[in-house]
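Q: Next comes the sequence, and after it the predicted model I'd like to discuss.
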Amino acid sequence: MLTRTRKRTQVTSVLGLVTAGAFLLSACSGSGGDSPSETGGPSKDFSYLSFSENTSIKDTLTALSTGECSDANAVAKLKVDNQPQASFDQALQLRAGQTDLTSLFASGNSPQVAKDIESSGVLVDVGAELKAAGLDDAIIPAAKSTVESLYDGKVYVLPTEFNVEGIWYNKKLFADNGIEVPGTWDDLVAAADKLYSAGVQPFSADGTDGWPITRLVGNYIYRSLGADALSDVADGKAKLTDTAYVEAASKVAALGAKGYFGEAVGSIDYTTAVNQFLSGKAGMFYMGSWVLGNFNDPTANQIGNENIGFMPFPAVTGGKGSADELAANVGVPLAMSKFRYDDGAKQWLQCIAKNFGTQSLKDQGVITGFKVDGDVGDVPPLTQTVQDKINETTKTVLWFEALFPPKASTTSQTNAASLVTGGISPEDFMSKIQADLDQE
Amino acid sequence: MKQVLGDRRTITLLLAPALTIYTLVILVPVIWSFGYTFFEGNAITGFEFVGLHNLQMLFTDGSVREALSFTVRFAIVLTIVQVTLGYALALLYVFVLRRASNLVRTLAFFPIVLPTVAVGLLFRQLFESAPRVGPVNSLLNLLGIQSVDWFGSSTSAFWVLILMESWRSMGFYAILLYAGLVDVPEETLEAARLDGATGIRLVRHIVIPLSWPVLLSAIIFSINGTLKIFDSVLALTNGGPGSSTTPLTMYMFQTSFSYGKYGYGSSIAFLLTVVCLSVTLFIFRSARRDLTKA
């Protein structure tokens, strides 16, 4: 009897252990395979991790894979993975931590993400690689200067977009109300006064995302204090709480206090803001040149391309900055992983440098930081105007949060709508961001 | 069987699988996370030992103060509202609707099975003021009142959140409390009625004391759930306007995964754990006296 009990106990114990072991194994095993491409070794794929929301880059790469880059594609086949923008930085952190970065990837939601990855030495120095391949002129000077400003003087990302930013205005509404293109901030406010008096919303703005509002603050700072004003803040030489910086927030807040951004601007998202401008409900719209894609869509554009004008952010009277210094950015720059930088990836890099600019402008109407060499077909006149403006531009400035760490950027953008609706004072707005900068 | 279950080794071995999994899935990450509080960095930049710096920063970080203040206010108000409404519904089921309460119980419980994001979007549309005017503002306009930007001010955004969460969860608390109320002996109620206790007096002196244990459980459930609120806020206000409706959980998430500071994020998680534990202990301690009375 005793033996039977002991045996039963042993059987129970063994069963218990087997069950625990099975659970442990199932918990520890991954769901993916273990092919070379998933463990960081060289692979036959040229993998690209894209923002789900951004279609222009992946469409251009796909077009290249069957066209100009078909040779590179034969060596390393293009494979596109998508990740929503909201969780993209987390995905990059995880992949970088597991040495599982794709061959090519969007470099995150803020320049700091790419800087962090670069500091761990896993990014390809694309600038040096292009130079070695005799392609150092593939990136246009203005784009190269913007990349260097953003990434501590280095070029380890590819400018698959090059956007200049400024104020788009409705020519017809300006003409109907006798408004000249504003050359100074005071002229801009006067133009807004006239539009508002005529029952037109002066500015369309995406308050949900906040950045189109903080762009105005940043531009005002550059115009009043000069091109180094925000790098001085990033370097600790100046503080956003200094009177001259607070003045910029006050000027933008004053526009909001007069109701110039429309009702409940905090609930207006990007698409709605674009639609407000393209339906003629708003007279002006601060945005980057990527919005040309929307302007060139005849179903969305009810006012017509011929009625849209572009002006740089105006000068501030007595300010140190110039209206010639256009705000610029490189959109969603792409970085390359050293783990997967094999012959296939090298061929792809060279092909992208030679052909991405032309393909993107031809198919997507998107201006990139690459030299445009080939035939791009009929470029819409407004796009051509912006392209000419870019070619004329020698010096660019960055945007408000470009040199801020992620927390300060988030604080700035999430409080932007409150700044123009009076929910937060200009002093508090700047203090909150400065507090985040001080915490770093 | 008695011999098997009477053997210490067998009990240990039978419990081993569950305990091992619990330890690996819950305890190890908790301890791991606590360990992170002494480091700074992330998977990309690597980790650096910073001692107690992260924990010290909790006391000086204005964002933590703001998030903690919102979290505590939200938890207190929502617990009061949702447990009170749930209890009122449970009383309605037991004393008014009685056997006919099935349909009402199902309808009141229904919102809890809806995905939080869907409920968040529903309430966003309901209270929208631009670009479209939502039903609530349309109603106000009909009454001659101007539209309100409900998500433009921290106060109104807070109350819309409370309303949404109350609507979503009161059915759940009603069911929980209903289970406690049906256990109140009919004879005791009958005796109280014969002694002249009716209506509010009956509830105050008989029903509440007898259902106190389950009411206490509901309060603890609610306070812990609301202190850890995340998805509802994310879906409805995304922590805004500004960061005025950002709870500690969301700030912890942003700090860890958006700002890449795992160590400080873990410190915020530790603070949240301490808050949850303190509140639960406080409720237990203050309720012990009443329980003895009941």
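A: Sure thing, it's come through.

Q: which ones are touching the closest residue to residue A:178 other than its chain neighbours?
A: Distances taken as CB to CB, 6 or more residues apart in numbering or on different chains place residue A:194 nearest to residue A:178, at 7.4 Å, with adjacent residues excluded. Every C-beta, even on glycine, is put in place using the N, C-alpha and C of the backbone. Taking CB atoms under 8 Å, 6 or more residues apart in numbering or on different chains, we find residue A:194 in contact with A:177, A:178, A:179.

Q: Which single residue in the stretch 1-150 of chain B comes nearest to chain A?
A: residue B:43 (2.7 Å; CB to the nearest CB).

Q: What is the burial count for that residue?
A: Residue B:43 has 18 neighbours, counted by other CB atoms under 10 Å in any protein chain shown.

Q: what do you get for residue A:198?
A: Using other CB under 10 Å, the number of residues around residue A:198 comes to 14.

Q: One more: the one 5 residues further on?
A: The number of residues packed around residue A:203, counting by other CB under 10 Å, is 28.

Q: do you know how far it is from chain B?
A: Separation of residue A:203 from chain B (CB to the nearest CB, to the nearest Å): 14 Å.

Q: residues from the stretch 1-150 of chain B in reach of chain A?
A: B:3-4, B:7, B:9-10, B:13-14, B:16-17, B:20-21, B:24-25, B:42-46, B:57, B:61-63, B:128-131, B:147, B:149 (CB under 8 Å from any CB of the partner chain).

Q: The same query, at a cut-off of 6 Å, please.
A: Within reach of chain A by CB under 6 Å from any CB of the partner chain, the stretch 1-150 of chain B has these residues: B:3, B:10, B:13-14, B:16-17, B:20-21, B:42-45, B:62, B:129-131, B:149.

Q: Which among these count as buried?
A: By neighbour count, with 16 or more other CB atoms under 10 Å in any protein chain shown, the residues of the stretch 1-150 of chain B next to chain A hold B:10, B:13-14, B:17, B:20, B:42-45, B:129-131, B:149 as buried.

Q: Residue A:50: what's its closest spatial neighbour, skipping adjacent residues?
A: Nearest to residue A:50 is residue A:58, by CB to CB, 6+ apart, at 4.8 Å.

Q: Name the helix or strand for the one you found, please.
A: Per DSSP states H and E: residue A:58 is located in helix A:56-66.

Q: now do residue B:219
A: Assigned by DSSP H and E, residue B:219 falls in helix B:212-227.

Q: One more: residue A:202?
A: Going by DSSP H and E, residue A:202 is part of strand A:201-204.

Q: same check, this time on residue B:232
A: helix B:231-236.

Q: what mean pLDDT would you report for whichever helix or strand comes after that helix?
A: Downstream of helix B:231-236, the next assigned helix or strand under DSSP H and E is helix B:248-253. Averaging pLDDT along helix B:248-253 yields 96.

Q: How about residue 287, nearest residue that isn't a chain neighbour?
A: In the absence of a named chain, chain A is used. Nearest to residue A:287 is residue A:168, by CB to CB, 6+ apart, at 6.1 Å.

Q: Wait, chain B was what I had in mind.
A: residue B:216 (5.1 Å).

Q: State the distance from that neighbour to chain A.
A: Counting by CB to the nearest CB - residue B:216 and chain A are separated by 34 Å.
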